Each structure stands twice: as C-alpha cells, then as structure tokens.
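Peer 1: Fold the following, please.
(2 chains)
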Number of protein chains: 2
Amino acid sequence: MSTWRRAQQLAATHGIDALLVTPGADLRYLTGYVALPLERLTCLVLPAHGEPRLVVPALERHAAEASGTDVEIATWGETDDPFALVADLVGDATTIGLNDHMWASRVFAFGEAMPFADQVLAGSLVQQLRIRKDAHEIAALREAGEAIDRVHLRMAEWLRPGRTEREVGADIARAIIDEGHTTVDFVIVASGPNGASPHHELSDRVIEVGDAVVVDIGGTVPAGYCSDSTRNYLAGGTVDPQYAEAYAVLEAAQQAQREHARPGVTAESVDAVGRRLIADAGFGDLFIHRTGHGIGQETHEEPYLVEGNDLVLEEGMAFSIEPGIYVDGRFGARIEDIAVCTADGLEVLNNTPRGLVAL
Amino acid sequence: MSTWRRAQQLAATHGIDALLVTPGADLRYLTGYVALPLERLTCLVLPAHGEPRLVVPALERHAAEASGTDVEIATWGETDDPFALVADLVGDATTIGLNDHMWASRVFAFGEAMPFADQVLAGSLVQQLRIRKDAHEIAALREAGEAIDRVHLRMAEWLRPGRTEREVGADIARAIIDEGHTTVDFVIVASGPNGASPHHELSDRVIEVGDAVVVDIGGTVPAGYCSDSTRNYLAGGTVDPQYAEAYAVLEAAQQAQREHARPGVTAESVDAVGRRLIADAGFGDLFIHRTGHGIGQETHEEPYLVEGNDLVLEEGMAFSIEPGIYVDGRFGARIEDIAVCTADGLEVLNNTPRGLVAL
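Peer 2: Numbers count the residues shown, from 1 in each chain, chains lettered A, B, ... in the order given. Predicted structure coming up:
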C-alpha cells in the first residue's frame, strides 16, 4: 500500500479530516516528490477519505511529474492564490493536520484561507510511519553508511598538523560527494580544545601535533537517505594520558550500548546503559548530551535515545549511538555509529575502526 | 547600529512586544549565528524594549559563542523544557512576532507555553531590513556572482553530447565548491525538451548533438550570500531555427529589463518591460513565470519582480532578472543575472556572455 494511503488511514483514526504537507521529508516520504522549499506554495492535500492532490506551481508541474508520484497534480499560475485553491480542495473539513516543519507563514495563510477549520499538528502521525524502515529504506541507509565509512577510511589523505580545520573540512566535503552522496549535510572537524564543543563545525584553527580531532560527517545518498558517523583521530605525536583514559571508557560504553540495543528494549535504556558506565568511571558530568537520534530521510528524526523516552524499540527503527566525553578547554571525544533494529538484534551500519586512529 | 537593535525599533513601531526567531536567514541576519535547523530549540528572544537573549541547547553554547554574536546566550540542558525558558524570558508580552520560516511545531509549542499571548507573523518586519543590502552585503553578493561566473566559463570541460545531465551536474557541483562556494544550493541541467521545465533539476537523459541546454546554478559563499545565474549552451551541431528566433527575443527582453531596472521604478514594471517585448514577438504565452526574485542570505527572498508588486525599487535592493521562453516537449531558454540597485542605476553581478554558447 502506498505510504499516503497508510497516512490517510491514520488520519481517519485520529479524527483528522485532511492533512496538509509542504516540502520536506514528510512530503517526500508520502509522495516521492523532492520539492524545493521555496516561496511558491507546494502542498500535498490528503483528505482522510477520497483522492489526494499535489498542489504545485505551474512552472514545477514537469518536475513534480518527473518524481513519478501517483498523486494527481493540481497547478496554480504566477498570479493565482494557491491558498484559496487548497481551501477549495479541503472543502468542508473541520480538523486540518499540518506537517511539523511547515513554515509559520503557511500556517497563518492556511488559517486565513480556512477560518472555520481547526489546525492541529500532525507530524507525529507521519513519524509513526517513518520511524519503521522497510527493506528498501534499510538498504539505502546501508549504502549511506558504506559511503561515509569510505570517507573516514581516507582521512589520512587530508588530516595532518599544519592544516586548518576549514581546509581539511573542504577536502572531506569533496570526498563525501565523490564517495557516493549527492549532498554534504554537515562536516565537523573539531581539533584539540574545539573537540569539547559537540556541534563545533569548522574554524581557522591550525591542527597541531598531538591534537585529538573529532570528525563527525554526513551526507545524503541518491535514494534520499542520510549518513552520519563520528570517528576520532590523533594528528601525530602522542595522546594526553587523561584523554586515553576517557577514550577507553567511551569505547566500552559505546560497545555496551550496541550490545544492548535491540527490539523490546526502551530508547532511554540504551542511553542509560552507556551513561552508567561513563558515570561509574567518574566522567558522568562530561557526557553532556543524549545518546542518539533516529535517522532516515532526515539526519535527525525519531526515535531519540534520551532519558525520559520510554518508547520500545522495534524492528526497522534506525538511530545513532553516539556517546561523548567533553572536557571544556581541553578536548572532546565521541564515537558514533548508525544502527538499525533487525527482527531480534541490531545491524550496525558503520564499521570503520572505533579506536583512536593515529595518523 | 546592530541589526537586532533596528529590528527592536521596528517591532516597537508595529506593536509587537517580542520577536521569536528560530534558525534560518533571519536569525543569521539578526545575530550572525548560523544555527543548525535541528530538533533541539534554538531561538532569539528579542523584546521590543530591553536586552535580547539567544536561547541555545547547552551542547551548542560554544558553537553559538563562536559566531561572535553580541547577544547574551541562555542555555538549556537535554531534559529541560526550552519553551518554558522562552516563556520566562518573554514575560508578560501580549503580542509575539514569529519569523516566517519558523516550524509549525514551534508555533504550536510557543502557543502552549504562552497561552495568553497573541501570535503574529513578523517576517515582513525583518524583510524590511534585509531587503536593503549594505556595502558589505553587496560585496559578498559580488563575490558570489564572480564565483558562479567562473563555473559557467568552465562549462566546456563537462557539457558535451553522450553524457547524462546527472554526470554533468555532478561535475558542476564540484566546480561550484572549487570556485569559492561553501555549499551547492542547486544545479539545473535541462537538456533538449527538459529545458521546457523551468525547475527541472537533473535526469539520466543523455545529452544529444544539437540540444540546447539550460544551466541554472547557485551556491553560497563563505560570507553567507548566494549566487544564481542561468546560461544556455548548444551541445554541438546547429540550433533549431525556431529556438534561435525565440532566443533573440529573449536576449532583447532581458537586456531591456536590465536597462530599465533602477531605484524609483516598481518591481512589476521590470517584469512588464520584458513581458511586453516577448508578447509582441508572439511568445507571450511561453513566458510562464515572473521575472525575478530578491537574493541575499537566501536564494529567494524579497523583492519579487512579478505583476502586482508595486514596490518601488531602492538603492541596495538585489534581485534576479531571468525571463524565459518554454515550448512544451521541445525546448526552453532562460537568461538570468543577479543585479543590485546603486544610487542611480544598476550594477549587474553576472557578466559571462549572455548569447547561446556553442560548445
């Protein structure tokens, strides 16, 4: 059954008369159409009962058709009012579900065009579908994992003392494309003390001998699925003994999490398993973020492996396992793999060496 | 004066007690911070009177500080409620302005956290500032224009019969980075009949001898400003006589638009000047989109050169001039330059040959 038919059924179950979905991962998941998120309105109008329509600007009709979507296309011209068109298609629906990442300007414009309808957030409904990956999606995530692994395996070509993080990052970005991604989603090269900032990106800091460097990189492969993997490199010299001690704990924690995660355990339990080991070693205050995030057509999506999330993992759920230890002003380390729940275990999609890689 | 102080003054004038701005071009413009648009809340809280705060996840404090922003940073931990934190900072404000591209999920969450406040859309207020570029911004757009011009000048390296649009597009994407952009924003290679689809991207169609090919490409330079330029190439052979006739009209129309656009004329008049020439030549129905869009930190922003927009152009406004002619099933052509209004005229930022380039 097409994904939009499954979303229709869920909408009906939840008392939503029609879903409106603007460009982004939800639209791609439901229709196959990768629309540009531009100012001209593109919107899937999906009634709980009846036929959906994909509303697109006239000049994007061919692009929408080229996606191969099985949803009938309705177009509007440069001086038409597309919100009135959507209101016509929605008809007398009284509860309208909106995708989570819809722009505020669309939310307000739909509100004005349909003043008697209630707007509700419907992203969680589509997430219920997206959170369980099928065999094709898992194959695409596997392909993405292999592509980013190939980039990590080439790190010695670029990462060395005397170069700036930005220079190394530019080379990595090219390799992300060369190894099979269509877009570069992010490149973090966090050297020495910059490693203590988990979302540091690139700076003009010159990498020094003896620096530990956190490299966290990802892109999107042609099938539309994302990669995301973090490894740690030593830029020559010898490692700070305190770093080595922390790193050994981190490796053990990440391994324990990989061995624990499987269908039937909760998302928060994966976090807890690693956090306990890190805390027992005296580094608890230095693991300042959750363990992981789901991944699919977006780099970050459900499920989140975080304290308080008692969601029970199921076959097909894919997520990162990425504990980290951060010492302000000195160094940081993080080990990250993407993994997907199989029927009774876990398939890990990143498989380059997880130890500190001396270059 | 910092941009956020000017936004504060505008907010006060418009009866908005506080602005909430989530990641995107508005946030970057107001704070200098290029935040990742991820699920953890990042939000500028800008009261009409008093000191602003930049709310960021604790693990992104260093990244936010590295932006050099002069706004004080407030952080929240992995298990805190960031919406309650924003509500505290907003205090007793009753009218809350939201940025246009804020996610619907944020709009709803702020609504729940501040149930007694009215939400209004405030993007146009920030656009009033962003629409007039200062000398630094124009310099960045000029740099972007020169970078994309260098890519167009290298087209003969990649575009030739026997290759697919996708192969050519991958080479162009690499060159966009090599010539000085940090990201590839879009690559359109529309060959032969695909040229009739203005927002066609890339396909597996093999380019044939005699194809006219529309190449519309852009990226973002390190200063955060975008490029966008379209040229037309002949992949060997000779050109269809009807295409040549249409192309001559298109070139004349685009030139007339460049000669017309300047401070004091309306946005819609630039569109009309070119549309009239194209219509007079009998191709009116084939120019199926507006003439252009503003450009800055986003590829598409205000002002839009479209029928019905009587905005009077002013010094510092930057926009594309890109008329096109499209014959369904056969071919298309579009000529696009970015230009910026000077005190009394127009500076055109793309300067490669505008004629059909035979390769």
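Peer 1: Would you state the helices of the stretch 151-300 of chain A in chain order?
Peer 2: Under the criterion DSSP state H, counting those that start in this stretch, the stretch 151-300 of chain A contains helices at A:165-178, A:241-260, A:267-280.
Peer 1: what about the closest residue to residue A:98 other than its chain neighbours, how many residues close to it?
Peer 2: Once flanking residues are discounted, residue A:98 sits nearest to residue B:104: 4.9 Å by Cβ to Cβ, 6 or more residues apart in numbering or on different chains. (Glycine included, C-beta is placed from N, CA and C.) Neighbour count of residue B:104, defined by other Cβ atoms under 10 Å in any protein chain shown: 24.
Peer 1: With residue A:171 instead?
Peer 2: 18.
Peer 1: Now the residue lying closest to it once chain neighbours are set aside: phi and psi?
Peer 2: Here the nearest residue to residue A:171 in space, its sequence neighbours aside, is residue A:158; by Cβ to Cβ, 6+ apart that works out to 4.0 Å. Dihedral pair for residue A:158: phi -120, psi -40, per degrees, to the nearest 10.
Peer 1: For residue A:158, which residues are in contact?
Peer 2: Taking Cβ atoms under 8 Å, 6 or more residues apart in numbering or on different chains, we find residue A:158 in contact with A:167-168, A:171-172, A:175.
Peer 1: residues in contact with the residue nearest to residue A:335 when sequence neighbours are not counted?
Peer 2: In space, and not counting its chain neighbours, residue A:335 is closest to residue A:254: 4.5 Å by Cβ to Cβ, 6+ apart. Residues in contact with residue A:254, defined by Cβ under 8 Å, 6+ apart, are A:274, A:321-323, A:335, A:337, A:354.
Peer 1: For the residues you listed, pick the one with the most neighbours.
Peer 2: Neighbour max across the contacts of residue A:254 (other Cβ under 10 Å) = residue A:323, 30 neighbours.
Peer 1: For residue A:263, see how far away that one is.
Peer 2: Using Cβ to Cβ, to the nearest Å, residue A:323 is found at 21 Å from residue A:263.
Peer 1: What of residue A:312?
Peer 2: Distance from residue A:312 to residue A:263, counting by Cβ to Cβ: 8 Å.
Peer 1: which of the contacts of residue A:254 lies closest to chain B?
Peer 2: Minimum distance to chain B across those is 11.7 Å, recorded for residue A:322 (Cβ to the nearest Cβ).
Peer 1: still on that earlier bit, in a markdown table: the helices of the stretch 151-300 of chain A, plus mean pLDDT.
Peer 2: Below are the helices of the stretch 151-300 of chain A laid out as a markdown table (pLDDT from 0 to 100):
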| stretch | mean pLDDT |
| --- | --- |
| helix A:165-178 | 93 |
| helix A:241-260 | 97 |
| helix A:267-280 | 98 |
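Peer 1: Could you list the residues of the stretch 51-200 of chain A in contact with chain B?
Peer 2: Neighbours of chain B within the stretch 51-200 of chain A, by Cβ under 8 Å from any Cβ of the partner chain: A:58-63, A:66, A:77-79, A:98-108, A:121, A:123, A:170, A:173-174, A:177, A:183-184, A:186, A:194, A:196-200.
Peer 1: List only buried entries from these.
Peer 2: Listed as buried from these are A:59-63, A:66, A:78, A:98-108, A:121, A:123, A:170, A:173-174, A:177, A:184, A:186, A:194, A:196-200; burial here means 16 or more other Cβ atoms under 10 Å in any protein chain shown.
Peer 1: circling back to that earlier point, now do the residue nearest to residue A:335 against residue B:123, distance only.
Peer 2: Computed as Cβ to Cβ, the residue A:254 to residue B:123 distance reads 42 Å.
Peer 1: Next up, the contacts around the closest residue to residue A:205 other than its chain neighbours.
Peer 2: Excluding the flanking residues, the one nearest residue A:205 by Cβ to Cβ, 6+ apart is residue A:165, at 5.5 Å. Listed by Cβ under 8 Å, 6+ apart, the contact set of residue A:165 reads A:189-191, A:194, A:202-205, A:207.
Peer 1: Just the closest of those residues to chain B, please.
Peer 2: Distance to chain B across these (Cβ to the nearest Cβ) is lowest for residue A:203, with 6.9 Å.
Peer 1: if I pick the closest one, what's in contact with it?
Peer 2: A:164-166, A:194, B:66.
Peer 1: Thanks a lot, catch you later.
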